[in-house]
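Enquirer: Test case, fold it:
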Amino acid sequence: MDIPAINFQSAEFTTSAPSLKQCPEDIGCEVAFAGRSNAGKSSAINTLTRKKSLARTSKTPGRTQMINFFQLNTNQRLVDLPGYGYAKVPIAMKTQWDRHLAEYLQQRKSLGGLILLMDIRHPLQDYDRQMLNWAAEAGLPVHILLTKSDKLKRGPAQSTLLKVDNFLREMDPGVTLLTVQTFSSLKKQGLPELEAQLAHWLTTETIEQG
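Expert: All right, here's what the predicted structure looks like:
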């Protein structure tokens, strides 16, 4: 089946929700972006949509504490999940974030896939593995972006890619739910692969629901 192209430049911010209960109606299909607070998540979304400030970037990691929704068309959305890791917030708030993230990942019916961003220099941190486990429990496909790949030379970058790929194959022997690629917002490296993965998830899920 040919996958129709999606105009990611059409993305428009619609709403922010503090928890699953406040999210928009659970219909159509959406793909969520998640990652540590310094993994380059907002930059990746802005690069994808060709809009420099669609997703706010901040020098203060963890500033985005809401689930942010961006409409592509009537039935398709992108979702920016709260960053995790370095945020200087009280333990109680971090615990609350964990609960809301887990609820969203495991209960959101329109969620077709998760883009999980990791700094290529520091992949598979504890929280990253926790996100992978949450997704596995929900049977949710995950595509990892090893961001800031321009910070490494080609050899070390490919070595890290292979290391992460081997880890995923151990988690998912059938290689059906977990995939990985390198990505650079600065150089726009890996953008076509990201667009293709998103189009596949958004289109396939929308057709199946229709």
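Enquirer: who's the residue nearest the centre of the chain bridged to?
Expert: Nearest to the geometric centre of the chain sits residue 33, at 2.1 Å (C-alpha atoms, centre = their mean). Beta-bridge pairing for residue 33 (DSSP bridges): residue 80, residue 115.
Enquirer: now it: how far from residue 11?
Expert: Separation of residue 33 from residue 11 (C-beta to C-beta, to the nearest Å): 12 Å. Placement of C-beta: from N, CA and C, glycine included.
Enquirer: any chance you could map the strands in the protein?
Expert: Using DSSP state E, the strands of the chain run over residues 12-17, 29-35, 67-73, 76-80, 111-119, 142-147, 178-182.
Enquirer: Mind giving me the packing neighbours of the fifth one?
Expert: I take that to be strand 111-119. Applying 3 or more C-beta pairs under 8 Å, 6 or more residues apart in numbering; DSSP states H and E, we find strand 111-119 packed against strand 29-35, helix 41-49, helix 91-107, helix 126-138, strand 142-147, helix 191-209.
Enquirer: and if we set it to 6 Å?
Expert: Contacts defined by 3 or more C-beta pairs under 6 Å, 6 or more residues apart in numbering; DSSP states H and E place strand 111-119 against strand 29-35, helix 126-138, strand 142-147, helix 191-209.
Enquirer: Contacts made by the shortest one with the rest, please.
Expert: Contacts with strand 142-147, where a contact means C-beta atoms under 6 Å, 6 or more residues apart in numbering, come from 39-40, 114-120, 135, 178-180, 182-183, 197.
Enquirer: Return it as CSV; C-alpha atoms alone will do.
Expert: Extracted C-alpha coordinates of strand 142-147, given in CSV (Å, rounded to 0.1, in the frame of the first residue of the first chain):
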residue,chain,number,x,y,z
VAL,A,142,8.5,3.1,19.2
HIS,A,143,10.8,4.8,16.7
ILE,A,144,14.0,6.2,18.4
LEU,A,145,15.7,9.3,17.1
LEU,A,146,19.3,9.5,18.2
THR,A,147,19.5,13.3,18.1
